[in-house]
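Asks: model this:
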Amino acid sequence: MPKVTYTSVGGDVDVLEGNIGDSVMEIAVRNGLPGIVAECGGSLACSTCHVFVREEDLAGMAAMGELEDEMLDGTTQERRCNSRLSCQLKLEADVHVYIETPESQV
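Replies: As a prediction, this is how the structure comes out:
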């Protein structure tokens, strides 16, 4: 079963299990995890699910699309080379992804 480890700016760590095909955002919202607002519900219409993906996990993720890249230019915390929108990060079997949430989403 896929897992996501979420680490907040304050150092809180939550390890949550998801289903194959779930997005990193869906798992966070379903479990009431603070730090991912997801105002648009995953329709790629906002940037309130911005996260930082551990560098070594990026290679196993689907490539960033043009619209996601544009949306990341509107985040409240400056984007980094490992910035992604968690609604676009779909989990595959037996992965364990490590995510850091930014200080603010809105």
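Asks: pLDDT-wise, which helix or strand of this protein ranks last?
Replies: Lowest mean confidence among the helices and strands of the chain (mean pLDDT, DSSP states H and E): helix 55-58, at a mean of 94.
Asks: which of the residues in that one are buried?
Replies: Neighbour counts over helix 55-58 (16 or more other Cβ atoms under 10 Å) mark residue 57 as buried. From N, CA and C alone the C-beta is placed, and that goes for glycine too.
Asks: what residues does it touch?
Replies: Outside helix 55-58, the residues that touch it by Cβ atoms under 8 Å, 6 or more residues apart in numbering are 82, 84, 97, 98.
Asks: for these, which one is nearest residue 45?
Replies: For the contacts of helix 55-58, the closest approach to residue 45 (Cβ to Cβ) belongs to residue 84, at 15.9 Å.
Asks: for the most centrally placed residue in the chain, what are phi and psi?
Replies: Nearest to the geometric centre of the chain sits residue 86, at 2.6 Å (Cα atoms, centre = their mean). In terms of degrees, to the nearest 10, the main-chain angles of residue 86 are phi -70, psi -20.
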